[in-house]
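Participant: The sequence and its predicted three-dimensional model are supplied below.
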Amino acid sequence: MNDTARSAYLDASIATASPARLLVMLCDRLVLDVRRGLEAEVAGDPAGANRHLLHAQDIVLELRASLRPDDFEGGHALDGVYEFLHAELVRANVSKDAARADGCLALAEQLRDTWREAAMQAAVS
């Protein structure tokens, strides 16, 4: 598939996705970016690590911006998790700390899995 076709497919996928599916897609990308940042850091590629971890930070900021913590029980706690993850991503990036990036990856994977499960439950109800 060429880049134009891939881009058109992704645009269509995003345009037709439910809000829950969009959230899962965003979390999937967060995990991918943190994993790539960690792999780049371990491989001795600080520029690559920086690029991926910056994108991960942007995703977490978007998750926080779209969150309405007063709208559901646990909303403020989730905002705190997002705030912590963003701060840890910044620290991992600035200090080039692979162990910290690995911790961010574990948290991002937990968030992704939780949102995926919630989206599946919402789809069947």
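Facilitator: Perfect, thanks for sending it. Quick caveat: nothing in here was measured; it's all calculated off a predicted structure. Residues are numbered from 1 along each chain as shown.

Participant: quick one: the residue nearest in space to the middle of the chain from Glu73, how far?
Facilitator: Centroid-nearest residue in the chain, with Cα atoms, centre = their mean: Leu30, separated by 2.3 Å. Counting by Cβ to Cβ, to the nearest Å, the separation of Leu30 from Glu73 is 24 Å. Every C-beta, even on glycine, is put in place using the N, C-alpha and C of the backbone.

Participant: Could you do Leu32 as well?
Facilitator: Using Cβ to Cβ, we find Leu32 at a distance of 30 Å from Glu73.

Participant: And these two? Which one has more around it.
Facilitator: More crowded of Leu32 and Glu73, by other Cβ atoms under 10 Å: Leu32, with 16 against 6.

Participant: State the distance from that one to Gly75.
Facilitator: 26 Å.

Participant: For Arg68, grab phi and psi.
Facilitator: The phi and psi values for Arg68, taken as degrees, to the nearest 10, are phi -110, psi 80.

Participant: Verify the stated contact: the residue nearest to the centre of the chain with Ala56.
Facilitator: Yes: assessed by Cβ atoms under 8 Å, Leu30 is found in contact with Ala56 at 5.7 Å.
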